[in-house]
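Student: Below: sequence and its predicted model.
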Amino acid sequence: MGLVLLCCSAGAFAQEKGVLTLQLNYSVGIPTGSFKDVIANNSYNGFGGALMYHFSNSFSLGLETGSQQFYQKTARQLYKSADGSDVSAVLSNSVQLVPVMVRAQYNFLPHGYIRPYIGLSAGGNVINYSQYAGEFTNDSKNRFGFAARPEAGFYIPFGKYSRAGFSLGAGYNVMPFNYNGISNFNNITARAGISFPLG
Amino acid sequence: MRRVLTIPALLVLVIIAAGCTKDPVSRLNTDETRLFITNHDSTVNFTGFKTFKVSDSVAIISNDHQRKKTRDSYDSLVIAAITTQMKSRGYTQVSNEDKPDLGINVSQIINSYTGLVDYGNYYNSYYDYWDPYSWGYAGYGYYSPFVGTYQVNEGVLSVDMFDLKDAAAYTKIKSIWNGVIRGEGIFNSSSVGQNVKALFEQSSYIHP
């Protein structure tokens, strides 16, 4: 009930039409589906930024980028190599995702103290995938591919009259990557950040 | 003006993001950097051999050429570790006069790669860090009449097992097993025992 009241409270500044805002955020990545066959560990090494132009109090469009690095080390095991030899190695998989996307965001309750939003980003993604056996590169592939992310969250202004605020959101990254039995690096992302107007 | 500056700022963020990969190798401890690789002739039945001898020195092979044979303290530890493993499997150590069934050679293979650095270009590429202004010659460029070299050495410890029992029949000394160790610290005396043991542990078929 309290949340509903906060969302519906009127009188705070909206992120106004014609304003350019910069969003900076920290993100956690959670591998899903077949990505977990490569790396099952969550990534706590992510950040991003977006430059958004507000066409109205509710709708904004802009560019975003960032980085999320996933890593997993597998304890020493014996592997059979293609030439028939037995290889004992510690395998390390590393995936870095650097999306560069166009982002559209719609803010509900533009005058509320808690403003739910939905967003959709689409564009490209620089993917750096590498696998090491011990300290030696076993496999490596860098590729630029498609990326998209539907997202939802909340924006909370720092104060009643503040044009800057805090945001919390979660989304699902669709990131195809067809290589050597890997089909995608799809992952859930949870983000926390701040946004503030430029000018 | 601020808006104009934010686009390059976002591009800088992309470049920083792309460069923020933490090197996976830096997360490994010394033991984890190592590879233990073994291979063998699957047609060979190791139970057909009873005796062995390990060569009394280690060959140093550099860039595919044998340079010398050595027997320093490290080499002695490697030979002793292999002998221990073979004995623990049930093989009997004998001398050459007693015609061993198996012969074991040990090699240190060291391959070197040499690259060139053009210091003129190198310094000019890093002009901002090594600004000639700091020497009192603002506006000057760097020039170097020579190029520098850098060298990368990779060392491998290789253990080869040969069938001496059937050498006369084949008129060849046939290799039946090979073990290779690569990675950090493999030429440290303190890790010799565990490294050699690892090779044998993944070769359970070696027993009389």
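Tutor: Cool, the structure landed. Numbering: from 1, shown residues only, chains lettered A, B, ... in the order given.
Student: Helices of chain B, start to end?
Tutor: Here chain B has its helices, by DSSP state H, at B:2-18, B:73-89, B:119-125, B:167-170, B:192-201.
Student: ah, wrong one, I meant chain A
Tutor: So, for chain A - with DSSP H - the helices run A:2-8, A:35-38.
Student: worst average pLDDT in these?
Tutor: The minimum mean pLDDT among those belongs to helix A:2-8 (a mean of 40).
Student: Is residue B:154 bridged to anything, and to what?
Tutor: residue B:111 (DSSP bridges).
Student: wait, doesn't it sit right on residue B:111?
Tutor: Yes. Between residue B:154 and residue B:111 there is a contact at 5.3 Å, judged by CB atoms under 8 Å. Every C-beta, even on glycine, is put in place using the N, C-alpha and C of the backbone.
Student: related to what we said a few turns ago, mean pLDDT lowest where, among the helices of chain B?
Tutor: helix B:119-125 (a mean of 50).
Student: Count the residues that sit near the closest residue in space to residue A:75 that isn't next to it in sequence.
Tutor: What sits nearest to residue A:75 in space, not counting adjacent residues and going by CB to CB, 6 or more residues apart in numbering or on different chains, is residue A:90, at 6.7 Å. Counted with other CB atoms under 10 Å in any protein chain shown, the neighbours of residue A:90 add up to 21.
Student: got the contact list for residue A:90?
Tutor: A:73-76, A:133-134, B:28, B:32-33 (CB atoms under 8 Å, 6 or more residues apart in numbering or on different chains).
Student: so where's chain B shaky on pLDDT?
Tutor: Confidence mapping of chain B against pLDDT under 70 gives the ranges B:1-21, B:64-66, B:112-153.
Student: now the strands for it?
Tutor: B:35-40, B:51-62, B:65-70, B:92-93, B:102-118, B:147-163, B:174-182 (DSSP state E).
Student: residues contacting the closest residue to residue A:105 other than its chain neighbours?
Tutor: Using CB to CB, 6+ apart and skipping the chain neighbours, the partner closest in space to residue A:105 is residue A:119 (4.1 Å). Taking CB under 8 Å, 6+ apart as the criterion, residue A:119 is in contact with A:103-106, A:149-153, A:169, A:171.
Student: give me that answer again for 7 Å
Tutor: A:103-105, A:151 (CB atoms under 7 Å, 6 or more residues apart in numbering or on different chains).
Student: Next one: it from residue A:58, what distance?
Tutor: Counting by CB to CB, to the nearest Å, the gap from residue A:119 to residue A:58 is 12 Å.
Student: Could you do residue B:71 as well?
Tutor: Residue B:71 is 81 Å from residue A:58, by CB to CB.
Student: And for residue B:81?
Tutor: 73 Å.
Student: Then residue B:83?
Tutor: Where residue A:58 is concerned, residue B:83 sits at a distance of 79 Å (CB to CB).
Student: what do you get for residue A:85?
Tutor: 62 Å.
Student: Could you do residue A:130 as well?
Tutor: On the measure of CB to CB, residue A:130 and residue A:58 end up 42 Å apart.
Student: Up against chain B, what does chain A have?
Tutor: Residues of chain A lying close to chain B by CB under 7 Å from any CB of the partner chain are A:20, A:22, A:49, A:51, A:63, A:65-67, A:69, A:71, A:73, A:78, A:84-90, A:92, A:94, A:96, A:98, A:100, A:126, A:128, A:130, A:132-136, A:198-199.
Student: lowest-pLDDT helix or strand in chain A?
Tutor: Least confident helix or strand, chain A: helix A:2-8 with a mean of 40, by mean pLDDT, DSSP states H and E.
Student: what number of residues lie near the closest residue to residue A:20 other than its chain neighbours?
Tutor: Spatially, and ignoring its direct neighbours in sequence, residue A:20 is nearest to residue A:198 (4.7 Å; CB to CB, 6+ apart). A total of 15 residues lie near residue A:198 under the criterion other CB under 10 Å.
Student: now do residue B:205
Tutor: Residue B:205 has 12 nearby residues by other CB under 10 Å.
Student: So residue A:153 is in contact with residue A:165, correct?
Tutor: No. Residue A:153 is not in contact with residue A:165 according to CB atoms under 7 Å; the separation is 11.7 Å.
Student: Near residue 164, how many other residues are there?
Tutor: Just so you know, I chose chain A. Residues near residue A:164, counting by other CB under 10 Å: 14.
Student: meant chain B, my bad for not saying
Tutor: Neighbours of residue B:164 (other CB under 10 Å): 20.
Student: Any idea what residue A:22 is bridged to?
Tutor: residue A:51, residue A:196.
Student: likewise residue A:189?
Tutor: residue A:29, residue A:171.
Student: Could you measure from it over to chain B?
Tutor: From residue A:189 across to chain B, the span is 14 Å (CB to the nearest CB, to the nearest Å).
Student: Contact partners for that residue?
Tutor: Neighbours of residue A:189 in contact, by CB under 7 Å, 6+ apart: A:27-29, A:68, A:170-171, A:173.
Student: any idea how far residue B:192 is from residue A:31?
Tutor: Counting by CB to CB, the gap from residue B:192 to residue A:31 is 40 Å.
Student: What of residue B:35?
Tutor: Counting by CB to CB, the gap from residue B:35 to residue A:31 is 27 Å.
Student: try residue B:159
Tutor: According to CB to CB, residue B:159 stands 40 Å off from residue A:31.
Student: Run a quick check on residue B:96 versus residue B:54, I expect a contact.
Tutor: No. Assessed by CB under 7 Å, residue B:96 is found out of contact with residue B:54, at 11.3 Å.
Student: Among those two, which residue is more densely surrounded?
Tutor: Taking neighbours as other CB under 10 Å, residue B:96 and residue B:54 compare with residue B:54 leading, 21 against 10.
Student: What is the burial count for residue A:103?
Tutor: Around residue A:103 there are 22 residues (other CB under 10 Å).
Student: So for residue B:81 and residue A:58, which residue has more residues nearby?
Tutor: Taking neighbours as other CB under 10 Å, residue B:81 and residue A:58 compare with residue B:81 leading, 21 against 17.
Student: Identify the residue nearest the more buried one in space, chain neighbours excluded?
Tutor: That would be residue B:196: by CB to CB, 6+ apart, it lies 3.8 Å from residue B:81.
Student: Appreciated, that's everything.
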